[in-house]
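In: pasting the sequence and the predicted coordinates here, then a few questions.
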Amino acid sequence: MIRGVEVDEHSALASIDLALTIVGCPAADRIEREVREAVLAVDGVEAVEIELGVMSPQERAAVVEQVRGVKRMGFGPGSLTRVIAVTSGKGGVGKSTLAANLAVAFAARGLRVGVLDADVHGYSIPGLLGLAGAKPTRVDDLVIPPRAFGVAAISIGMFTDGGEAVSWRGPMLHRTIEQFLTDVHFGDLDVLVLDLPPGTGDVAISIGQFLPNAEVVFVTTPQSAAASVAERSGRLARRVGQRVVGVVETMAGLPQPDGSVLELFGTGGGDETAERLSEPDAPVAVLGRVPISIALRAGGDAGAPIVATDPTDAAARAIIAIADALLASGPGLAGRPLL
């Protein structure tokens, strides 16, 4: 994108010739600001002039070829990228909040992380990561996702205007997930986190077809009634070949000043869900319990994941421990081709 750089040593003026990918590039202001900041940080430069242009179709094609390579990105069987799908039997259990915070916790461990908001009808990842209003950069049919807290994120909410509702049926949902997995350039990822919609609908089936290698984390509440709902989702995951790696119990009590815990939503739901999802040759454990936290809720509303902004909070500590447990349980690379 940098076509030329000239510095006048007498006036300490740096002139930058910068080519944007398209006219009206949504990231233009950010790119110009960051280039200006970078140049002003160089010793001997006191002023910056930036000449903005636009790439020619041939230049854009060369960028796409360089970024994508000879084939589109893939996260299916054989990929070195771990795919961790976060799902639940029903909505309102904190699934998206957990997915966003897990992604940020992985990134804080030095991993290259992407998060795909597959909850097309109830997308919330942009808001949770502070990316509300952010738009991906498009270079022809290549989509480069915005980043926050070290995580590259994509969501249908980045392609809609304001509170516009997405009311699509199966074929459109299937095509959207396919495009997110093929046209979005996340870069070389260590982990791709999926925020799935609750239940066993069209998106869950499509993800099973595209990513049978995904490792599934089930989110439930302490209520035992939630266990039977999660069991149905677990059966679908196994039917398409996915591996159920564990259960996370959210809303696991409200800590009190005296050290006691107020069990607002009962107890035992996580254990019962893990038991129902377990099979003789494939036991499922409770990976962790996330307590009710005002800071966790406030961070979600503000687009500031608690694992990054307040890692000492009890909920943050629980989520970080869950992230570490998932990383420790990952498959090894023995016998797998690295190229």
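Out: That came in fine, so what should we check first? Being a predicted model, the structure only gives us computed values, none of them experimental.
In: got any ranges where this structure has weak pLDDT?
Out: Applying pLDDT under 70 to the chain flags residues 67-74, 162-163, 226-228, 331-339.
In: okay, and the residue positioned nearest the centre of it sits in which element?
Out: Nearest residue to the geometric centre of the chain (C-alpha atoms, centre = their mean): residue 115, 1.6 Å. Using DSSP states H and E, residue 115 sits within strand 113-117.
In: what's in contact with that strand?
Out: Residues from elsewhere that reach strand 113-117 (C-beta atoms under 8 Å, 6 or more residues apart in numbering): 96, 99-100, 103-104, 106-107, 123-126, 129, 145, 150-157, 180-181, 184, 186-187, 189-195. C-beta here means a position set from N, CA and C on the backbone, and glycine is covered the same way.
In: just the CA trace of it, in PDB.
Out: Output of strand 113-117 as PDB, limited to C-alpha atoms (Å, rounded to 0.1, in the frame of the first residue of the first chain):
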ATOM      1  CA  VAL A 113      -6.600 -16.100  17.400                       C
ATOM      2  CA  GLY A 114      -9.700 -15.500  15.300                       C
ATOM      3  CA  VAL A 115     -13.300 -15.600  16.300                       C
ATOM      4  CA  LEU A 116     -16.200 -16.300  14.000                       C
ATOM      5  CA  ASP A 117     -19.700 -15.200  15.100                       C
END
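In: partner strands of that strand, with direction?
Out: Strand pairing for strand 113-117, determined by DSSP bridges: strand 151-155 (parallel), strand 191-195 (parallel).
In: possible to save these as a markdown table with mean neighbour count and distance to residue 287?
Out: Output for those, formatted as a markdown table (neighbours: other C-beta atoms under 10 Å; distance: least, C-beta to C-beta, whole Å):
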| stretch | mean neighbour count | distance to residue 287 |
| --- | --- | --- |
| strand 151-155 | 27 | 20 |
| strand 191-195 | 26 | 14 |
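In: can you give me the strands in the stretch 151-300 of the chain?
Out: Secondary structure of the stretch 151-300 of the chain (DSSP state E, counting those that start in this stretch): strands located at 151-155, 191-195, 215-220, 243-249, 254-255, 261-262, 286-289.
In: redo those strands as TSV? Include distance to residue 55.
Out: Listed next are the strands of the stretch 151-300 of the chain as TSV, based on distance: least, C-beta to C-beta, whole Å:
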stretch	distance to residue 55
strand 151-155	22
strand 191-195	29
strand 215-220	39
strand 243-249	43
strand 254-255	54
strand 261-262	58
strand 286-289	46
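In: to residue 87, which of those lies closest?
Out: Between residue 87 and those, the shortest separation by C-beta to C-beta is 6.1 Å, and it involves strand 215-220.
In: related to what we said a few turns ago, which element follows the strand holding residue 115 toward the C-terminus?
Out: helix 125-128.
In: contacts for that next one, please.
Out: Helix 125-128 is contacted from outside by 96-97, 99-100, 115, 117, 119, 131-134, 153, 155, 157-158, 195, 300, 303, 305, using C-beta under 8 Å, 6+ apart.
In: same for the helix or strand following that helix, what does it pack against?
Out: Later in the chain than helix 125-128, the nearest helix or strand by DSSP H and E is strand 137-139. Contacts defined by 3 or more C-beta pairs under 8 Å, 6 or more residues apart in numbering; DSSP states H and E place strand 137-139 against helix 57-68, strand 142-144.
In: buried ones in stretch 221-235?
Out: Going by neighbour count (16 or more other C-beta atoms under 10 Å), the buried part of stretch 221-235 is 221-224, 226-227, 229-231, 233-234.
In: how distant is it from the center of its chain?
Out: 24 Å (C-alpha atoms, centre = their mean, to the nearest Å).
In: repeat that for stretch 281-299.
Out: Counting by C-alpha atoms, centre = their mean, stretch 281-299 is centred 17 Å from the centre of its parent chain.
In: what about stretch 107-121, start to end distance?
Out: End-to-end span of stretch 107-121 (C-alpha to C-alpha, to the nearest Å): 27 Å.
In: what's the local residue count around the closest residue to residue 6 other than its chain neighbours?
Out: Spatial nearest neighbour of residue 6, excluding adjacent residues (C-beta to C-beta, 6 or more residues apart in numbering): residue 15 at 4.6 Å. Residue 15 has 15 neighbours, counted by other C-beta atoms under 10 Å.
In: how about the strand or helix carrying residue 15: buried residues?
Out: Assigning secondary structure by DSSP H and E places residue 15 in strand 13-20. By 16+ other C-beta under 10 Å, the buried positions in strand 13-20 come out as 14, 16, 18-20.
In: same check, this time on stretch 304-318
Out: Residues of stretch 304-318 classed as buried: 304-308, 310, 313-318 (neighbour count, 16+ other C-beta under 10 Å).
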